[in-house]
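# Mind folding the following:
(4 chains)
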There are 2 protein chains.
Amino acid sequence: MPLSTRKEKILKAVVTDYVENCQPVSSQEIQNKYFPEVSSATIRGDMATLEELGYLAQPHTSAGRVPTAEGYRMYVDKLMPSKKLSSSELKIINQTLKAKAGHLEDVVRSAARLISEITNLTAVGFTNASMSDKIKSIKIVKIADEMALFVVVTDRTVLKDAIAQMNMGISEEYLSKAGEFLTSVFGGVQIADVIDVDKFAAKVREEYEKIYKALIKILKEYGTVELENLAIEGAPKLLQHPEYSNVKKAKAMLELLDAKSQLYPILKSNNMNISIKIGHDNEIAEGLPECAVVTATYEVDGVAIGNAGVIGPMRMDYSKVISVLDYIGKTITNLGEDAQDE
Amino acid sequence: MPLSTRKEKILKAVVTDYVENCQPVSSQEIQNKYFPEVSSATIRGDMATLEELGYLAQPHTSAGRVPTAEGYRMYVDKLMPSKKLSSSELKIINQTLKAKAGHLEDVVRSAARLISEITNLTAVGFTNASMSDKIKSIKIVKIADEMALFVVVTDRTVLKDAIAQMNMGISEEYLSKAGEFLTSVFGGVQIADVIDVDKFAAKVREEYEKIYKALIKILKEYGTVELENLAIEGAPKLLQHPEYSNVKKAKAMLELLDAKSQLYPILKSNNMNISIKIGHDNEIAEGLPECAVVTATYEVDGVAIGNAGVIGPMRMDYSKVISVLDYIGKTITNLGEDAQDE
DNA sequence: TTTAGCAATCAACAAGTTAGAGTGCTAACA
DNA sequence: TGTTAGCACTCTAACTTGTTGATTGCTAAA
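Model (predicted):
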C-alpha cells in the first residue's frame, strides 16, 4: 500500500522537525508548522497509521512521535529535499582541498575534517589499498648502516614507511640496482602476485634474493595500510548530541571508533557512490548502538581512491550530509584531473 | 610543621582507599581497614587537621574526606609505596616493544598502547624532533614524472613523508646527485641552520638552487612532525572513570585530546625523567578540567627520543603508572643499546 | 473523510518525608 | 596531653505523593 501524499508529507514533517529539535513531535506541532489546513485530529489519525506501518514510534503513550529506522529510510529514499551548500562552505572546501592536492592521505584526512566541521558530526576518511593494486616502481634507499627504506609506488599510492634491516656493508649502488631490477621484474604486476613466491622465484636473480624477501615482507602488510590511514575527525562531537548524553552509549560509540579494525568493515561501502546505512542496517556489528553511517567513495580517473563519510545518531541532517559528501567527491575528482592537465 | 607519622599514614590510607573506590573516605573506614588500634574519633581529629592543612577536603558536612590536589602531591612525593609489575605485565611489555624495535614512531605508539592497557587510563606518546637536530643524510627519489620524495635522515629520526613537486623532466641521476651534494653541504648541520638561507646560499651551487628551496620548505615543517606523531591510545577509557560520568566534563577532556596542538605543551615535560602534574599544576591550560598528567622522557644513548605518559583524573594509581612508565623507559633504552651491539 | 470535543494516560516536576552515614564537640579517662 | 565513648547535628540520597501539562485515542457529528 503506497502512502497518500498527505501521509508522506506528514512523515517528512516529523523527520524534519525531529532532526531539528530532537523532541518527540506532536500532532499539534505538525499542524502549526506544516499543515494549518487540516486539524490536529486528522494528523493524529495519519500518524497512527504511519506508526502501524512502522515508520514512526511513540516513546510512551502521551508523547509525540519519533521516526524509526524505517522512517528515516523512507525519508532518505523518497522524501528528502536536496540541499544547497552555502557559498562560504563551497569556498572553504575548495580552498582546503586544493591546498592538499597531490598528497592522497592528506586530501582524504582534510576531507574528513571538512565533513566533520560542516555537518557537526564525527567524520571518517580512509584511502583504499588493495592487493590488486599494481606496482609502478620500487626504489631502495640506504638510510643507515644496516637500514634501508623501501619506496614502493603503486598505481594508487606511495608506500614509503617500510624500513628493512639489511646486512652489514650493503652498498648504495647495490640497493639502487636492486630497485631497478625489481621494478623491471614487477612493474605492472599486482601486489597479490608479487608476494606469491612460486610465481616469481625463478625470475629473481640469486643476488637479489634477500631483497626480494624483504620486499615480500613489506608488501604483505600493504593491505593494512588503509587501516593505518583511517582518519577520524571530530570524535568529541558525538557527545554534543543528546542521543549520547548517556555515558554508556557514548562510550560504546567511542570504543567503536577506537577499534579501527572493527570500524573498517562498517565504513567500507561496496563501491556505491554514496552508501547510507541506518539503524538496523548496520546492526551486523554486534552491540553497535543505534546509529547511522553515510559514506561516499571518491574517484579519480574512474579509480576509487578512498572513502569518507560520517557516523552518528540516526537523527542527522541526511540532506546536508549528502550534499557535502557529494560536493567533496566532485572536488576531489576535479583535483586529480586538474593535476594531470598541468 | 611536619606531619606526625600517624597523620601521614592516615593521609596515605585516604588516598589509597579513594583511588580504589572513588567514594569519600570516612573515619570508620580508615579505622576498620587500616587503623584498628586507634578509635575513629582520633582519626576524625587527625583528618580535621589534614583538612586544615589543605590535604583533604569534604564534599559536604556529613561526608567523608577526599584528597585535594595537594593531598595527592604529598602522597606522590613522600608517601607512595613503590609497586612491582606482575610478571605477565613485564613479559608483554618486553615482547611488544621488541617486536617494534627499529621503528621509532612505532615503538612510542606501542608504548602508549601498553601504558593505556596496563593502567586502564588514556595514554599518549610522541617522538621528539627539534630544530637543533642535525642532518645525517639527504636522499631524493623520483616517484613520478613531477614528484620527488625527500628522505632526510637526522640524528634522531627519518623524515620520509615529504613529497615535492618537481619540474618536468628532471632525471633520477640529477636528483641522486643533488642528494649527495646536499648531504655533503649539510651533513652534521642543525636544521635551524639549514633553513637559514643567508648562511648557506653562497655554498649551494646554482644548479641545485631549486632543490635547496624545496628542502627548506620541507624542513620548516620539521618541528611539526612531533605533533603529527602524537599518538593517543585508549581515549574512550576516560569515560569509564566516574569523574567523567558527567558528559560535559568528558567532552572537555576529549576535546583537549582532539586538539593536539593544545595538548602538546601540557604533555611536554621539561626533560625530567618523570614529570607529574596534578590538578592546579596544569591549570595553565585555560579551562582544563581537573586532572593529572604523568609523563616520562625516553632516552637512547643519552638522547631524548620521545615522551609517553598518561592523562586522566587526579584519582589514579600513581604508583602503578610510574612503575609502568619507568619499566617501559628502561626497556626502550635497552632496545636501542642491544641494536647497537648486534 | 474530516473534525471537534473529551476522557484517559503518562512523564516530569515539586514538595515532603525518612533513613542513615558521617561529622564535630564534649566530657571523661589514661 | 592525647585518646576515647557518646551524642546531637547536618546533609544527602532515596522514596513517596500529588500536581501539572502535554498528547493521545476515541466517539459522534458534520
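# Now do stretch A:185-205: distance from first to last residue.
10 Å (CA to CA, to the nearest Å).
# Give me the buried positions along it.
The neighbour-count check on stretch A:185-205 (16 or more other CB atoms under 10 Å in any protein chain shown) flags A:V185, A:F186, A:Q190, A:I191, A:A192, A:V194, A:I195, A:F200, A:V204 as buried. To be clear about C-beta, it is placed using only N, CA and C from the backbone, and glycine gets the same treatment.
# Around A:S4, how many other residues sit close by?
A:S4 has 11 neighbouring residues, counting by other CB atoms under 10 Å in any protein chain shown.
# make that A:S269, sorry
Residues lying near A:S269 (other CB under 10 Å) number 19.
# Isn't it up against A:T295?
Yes. Contact criterion CB atoms under 8 Å: A:S269 and A:T295 qualify, at 4.6 Å.
# Need the overlap of contacts for these two.
Common neighbours of A:S269 and A:T295 (criterion: CB atoms under 8 Å, 6 or more residues apart in numbering or on different chains): A:S275, A:N307, A:G309.
# Spell out which parts of chain A neighbour DNA strand C.
Residues of chain A lying near DNA strand C by CB under 7 Å from any atom of the strand: A:R6, A:E37, A:V38, A:S39, A:A41, A:T42, A:G45, A:P59, A:H60, A:T61, A:S62, A:A63.
# Now for the last one: which residues touch it?
Meaning A:A63. Taking CB under 8 Å, 6+ apart, one finds A:P24 in contact with A:A63.
# Make sure it is indeed in a strand.
No. Assignment of A:A63 by DSSP: H, G, I helix; E, B strand; the rest coil gives coil, placing it outside any strand.
# and the longest helix belonging to chain A, how far out from the chain's middle?
Taking DSSP state H as the criterion, chain A has its longest helix at helix A:318-341. A distance of 14 Å separates the centroid of the chain from that of helix A:318-341, by CA atoms, centre = their mean, to the nearest Å.
# Equivalent analysis for stretch A:119-134, please.
Here the centre of stretch A:119-134 is set off from its chain's centre by 5 Å, with CA atoms, centre = their mean.
# So A:L159 belongs to a helix, correct?
No. Per three-state DSSP, A:L159 lies outside any helix segment and is strand.
# now, which of the buried residues of stretch A:185-205 sits nearest A:K251?
Among these, A:I191 lies closest to A:K251 (CB to CB), at 37.9 Å.
# Report the contact partners of that closest one.
A:M131, A:S132, A:D133, A:K134, A:I135, A:T154, A:L219, A:Y222.
# What ranges does chain A have for its helices?
Along chain A, counting by DSSP H, helices occupy A:5-21, A:27-33, A:40-52, A:69-74, A:87-99, A:104-119, A:172-186, A:191-194, A:197-200, A:209-220, A:225-228, A:247-258, A:260-267, A:318-341.
# any low-confidence regions in the stretch 1-150 of chain A?
Applying pLDDT under 70 to the stretch 1-150 of chain A flags residues A:1-2.
# near DNA strand D, which residues of chain A?
Residues of chain A lying close to DNA strand D by CB under 7 Å from any atom of the strand are A:23-24, A:26-29, A:40-41, A:44, A:47-48, A:51, A:58, A:61-65.
# Quick check on these: which are buried?
The neighbour count (16+ other CB under 10 Å) marks A:P24, A:S26, A:S27, A:E29, A:S40, A:R44, A:M47, A:E51, A:G64, A:R65 as buried among the residues of chain A next to DNA strand D.
# Please state the offset of stretch A:141-151 from the chain centre?
Distance, stretch centre to chain centre, for stretch A:141-151: 34 Å (CA atoms, centre = their mean).
# Enumerate the positions of it that are buried.
Neighbour counts over stretch A:141-151 (16+ other CB under 10 Å) mark A:V141, A:K142, A:I143, A:E146, A:A148, A:L149, A:F150, A:V151 as buried.
# quick one: A:Y34 and A:K9 touch, right?
Yes. Between A:Y34 and A:K9 there is a contact at 7.2 Å, judged by CB under 8 Å.
# neighbour-wise, which of the shared contacts of A:S269 and A:T295 leads?
A:G309 (28 neighbours).
# thinking again about what came up before, out of the contacts of A:I191, flag the one nearest to B:K177.
Using CB to CB, the contacts of A:I191 come closest to B:K177 at A:I135, 26.0 Å.
# Would you mind listing the residues in contact with the closest one?
The contact partners of A:I135, taken as CB under 8 Å, 6+ apart, are A:V152, A:V153, A:T154, A:T183, A:F186, A:G187, A:G188, A:V189, A:Q190, A:I191, A:V194.
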